[in-house]
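K.L.:
Using only what follows, build the 3D model:
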Amino acid sequence: MKPGSKNLITDVMGIKVGNASDRDLRSGTTVLSGTSQLTASYQVMGGAPGTKDTDLLEPDKIVKKIDAVVLSGGSAFGLDACSGVMEILQKEGKGYKTRSGSVIPIVPGAIIFDLYADQHEKWDSNPYRSLGAKAYQNISENFELGSVGAGTGALTASFKGGLGSASIVLKNGITVGALVVTNPVGSVTTPSDKYFWASPFEINGEFGNLGPDTNKNLISDNIFNSRKSNIQSFNLETSSTIENTTIAIVATDANINKAECKRVATVAHDGIARAIIPSHTHADGDLVFCVSTNLKPLNNPIMDTLEIGVAASNCLTRAIAKSIYYTQPSDNDLLPCWTNYN
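P.N.:
Numbers count the residues shown, from 1 in each chain. Now for the predicted structure:
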């Protein structure tokens with residue numbers, strides 16, 4: 001297995017990604033769409049998810065295809081980014097066709113908590129509808145990583161979080177990719193703060209080529225390995241102040257159905273657990289979407305789907321480390337960037 005040419009989720013044929021960032025708001029939105037509609041499902045394993053239209057993605061629901069997926073900052077306010085995307089799609093005539101002839105774009109979404117900035121208290125109106133529209137207008141096969149889009153205001157336990165992506169091309173020619181917004185309660189680095197938990201899965205030095213931490217005492221008394229206690233009013237002892245989430249999309253060009261997407265999304269959560277400790281906590285809304293462009297047939301549906309799930313989890317692990325590796329410093333950062341600290 002090797003990464004695709006860009007080592008991004010857009011190595012999956014038919015996938016495009018767009019970002020919109022608001023530096024003053026210290027937040028943003030990321031949109032994934034396709035050259036045609038996508039088969040999709042999802043899995044939630046965190047205790048505090050924030051979502052829109054995810055019920056439609058269950059295998060037994062009537063909607064078979066979606067038009068885009070939104071990942072956004074802004075907590076519940078950020079779900080309005082989906083509306084901004086829907087407005088453009090409707091004008092383009094894209095969406096679910098009803099019997100009456102109406103077109104309803106299907107745009108599921110998920111959000112992270114990044115409301116630490118006091119700018120959120122000064123809104124005249126919710127800015128996320130506009131951010132969603134801008135992100136969709138920016139969709140491309142090439143996009144930036146780090147402190148952009150929905151990763152603009154993300155935080156981990158010790159460092160700035162961000163937006164990450166990675167891909168793999170399987171021996172059978174199927175491509176799998178991951179896109180992630182990393183904003184967990186937990187840490188992406190070992191207690192030394194230098195090494196990523198994801199290091200054993202790194203390919204071609206994509207996040208520094210430092211290798212794994214060789215210290216034998218990697219389990220810290222402080223399970224969060226956290227600098228967040230330095231943030232004003234942030235208290236790890238109070239669950240109401242540790243709102244966080246890692247949200248992701250894994251994608252493939254393989255022709256898999258909604259039930260198979262559901263299974264791949266479930267397996268892909270292993271990628272979060274490998275890269276973030278702890279993960280899937282009561283204060284995280286950890287969620288993974290799985291989408292397929294359905295462009296390549298399966299030779300062996302059972303084994304191919306199994307391999308796609310494993311590849312998706314590995315891509316997600318790598319994408320999480322890359323999301324931290326590519327962060328960029330900004331004024332009034334609450335936590336340091338990994339690269340500046342190291």
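K.L.:
Can you get me a residue count around residue 193?
P.N.:
18 (other CB atoms under 10 Å). From N, CA and C alone the C-beta is placed, and that goes for glycine too.
K.L.:
That one: what's its closest spatial neighbour, skipping adjacent residues?
P.N.:
residue 158 (5.8 Å; CB to CB, 6 or more residues apart in numbering).
K.L.:
Tell me the pLDDT of the one you found.
P.N.:
pLDDT, residue 158: 90.
K.L.:
try residue 121
P.N.:
As predicted, residue 121 sits at a pLDDT of 65.
K.L.:
now do residue 127
P.N.:
Confidence score, pLDDT, at residue 127: 95.
K.L.:
And for the one 3 residues further on?
P.N.:
The predicted structure scores residue 130 at 97 on the pLDDT scale.
K.L.:
what does the one 10 residues further on give?
P.N.:
The predicted structure scores residue 140 at 97 on the pLDDT scale.
K.L.:
Just give me the neighbour total for it.
P.N.:
By other CB under 10 Å, 10 other residues sit near residue 140.
K.L.:
what's the answer for residue 169, then?
P.N.:
Look at residue 169: counted by other CB under 10 Å, it has 19 neighbours.
K.L.:
and what of residue 150?
P.N.:
37.
K.L.:
hang on, the earlier thing: look up phi and psi at the residue nearest to residue 193.
P.N.:
Taking degrees, to the nearest 10, you get phi -120, psi -30 for the backbone angles of residue 158.
K.L.:
That one and residue 264: what is the separation?
P.N.:
According to CB to CB, to the nearest Å, residue 158 and residue 264 sit 30 Å apart.
K.L.:
Tell me the spacing between the residue nearest to residue 193 and residue 269.
P.N.:
The gap separating residue 158 from residue 269 is 22 Å, by CB to CB.
K.L.:
Could you check which of those two has the larger neighbour count?
P.N.:
With neighbours defined as other CB under 10 Å, residue 158 and residue 269 compare such that residue 269 has more, 24 against 21.
K.L.:
Do I have it right that the residue nearest to residue 193 meets residue 191?
P.N.:
No. Residue 158 is beyond contact range of residue 191, at 9.5 Å (criterion: CB atoms under 8 Å).
K.L.:
Show me where the stretch 201-342 of the chain has its helices.
P.N.:
In the stretch 201-342 of the chain, the segments counted as helices under DSSP state H, counting those that start in this stretch are 258-275, 301-325, 338-341.
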